[in-house]
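**Student:** the following comprises the amino acid sequence and a computationally predicted model.
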Amino acid sequence: MEKKMRGLSALAFGFVILILSACHSEAMTCPEALLILLPCKPFVEGAGPDSPGLLCCLGVQKLTQEASTPETRRVVCQCVKNAAQEFHIDLGKAKQIPQLCHINDPIPIDPEVDCSTIP
């Protein structure tokens with residue numbers, strides 16, 4: 001009986017690993033990107049402090065790291081570009097975030113940028 005339970009446990013564990021690996025996707029979606037950037041909202045709307053907070057900086061850093069392929073960077077760029085046009089944000093403040101957060105090679109936040117050219 002104990003041997004049978006170990007076998008079932010191993011089988012169940014295998015299914016969990018299979019499901020988790022199938023759910024993990026390399027491509028970031030637009031809603032995921034916007035959720036990561038949510039802590040920046042008060043700063044870019046002008047309703048918050050004069051500098052982005054720690055959670056905003058960590059979010060932008062995470063977004064930059066996770067959007068590691070050109071295709072993902074282009075998708076996130078277009079997503080952020082669309083969101084910037086839809087929600088009334090201060091583009092000057094949005095463009096300052098990478099510098100204020102000391103982030104290298106950020107995804108541009110600019111309605112004038114051509115996201116299809118992002119490397």
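**Tutor:** Perfect, I can see it now.
**Student:** how about the helices in this protein?
**Tutor:** Counting by DSSP state H, residue ranges of the helices within the chain are 2-23, 30-37, 41-45, 54-66, 70-86, 91-100.
**Student:** would you format these as a markdown table with mean pLDDT and distance to I118 included?
**Tutor:** Where you see a C-beta, it was placed from the backbone N, CA and C, and this is true even at glycine. Formatted as a markdown table, the entries for the helices of the chain read as follows, by pLDDT from 0 to 100; distance: least, Cβ to Cβ, whole Å:
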| stretch | mean pLDDT | distance to I118 |
| --- | --- | --- |
| helix 2-23 | 38 | 27 |
| helix 30-37 | 94 | 13 |
| helix 41-45 | 92 | 20 |
| helix 54-66 | 95 | 12 |
| helix 70-86 | 91 | 5 |
| helix 91-100 | 92 | 14 |
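**Student:** possible to save the ones you listed as CSV with distance to T117?
**Tutor:** Formatted as CSV, the helices of the chain follow (distance: least, Cβ to Cβ, whole Å):
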stretch, distance to T117
helix 2-23, 32
helix 30-37, 19
helix 41-45, 23
helix 54-66, 18
helix 70-86, 8
helix 91-100, 17
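**Student:** nearest to P111, out of the ones you listed?
**Tutor:** Between P111 and those, the shortest gap by Cβ to Cβ is with helix 70-86, which sits at 5.8 Å.
**Student:** using CSV, write out every CA atom in that closest one.
**Tutor:** Listed in CSV are the C-alpha atoms of helix 70-86, where the atom choice follows Å, rounded to 0.1, in the frame of the first residue of the first chain:
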residue,chain,number,x,y,z
PRO,A,70,13.0,42.0,-29.2
GLU,A,71,9.5,40.8,-29.8
THR,A,72,8.5,41.1,-26.2
ARG,A,73,10.1,44.5,-25.9
ARG,A,74,8.1,45.7,-29.0
VAL,A,75,4.8,44.3,-27.5
VAL,A,76,5.5,46.0,-24.2
CYS,A,77,6.5,49.3,-26.0
GLN,A,78,3.3,49.3,-28.0
CYS,A,79,1.3,48.5,-24.9
VAL,A,80,2.8,51.3,-22.8
LYS,A,81,2.5,53.7,-25.8
ASN,A,82,-1.2,52.9,-26.1
ALA,A,83,-1.7,53.3,-22.4
ALA,A,84,0.1,56.6,-22.3
GLN,A,85,-2.3,57.9,-25.0
GLU,A,86,-5.4,56.5,-23.4
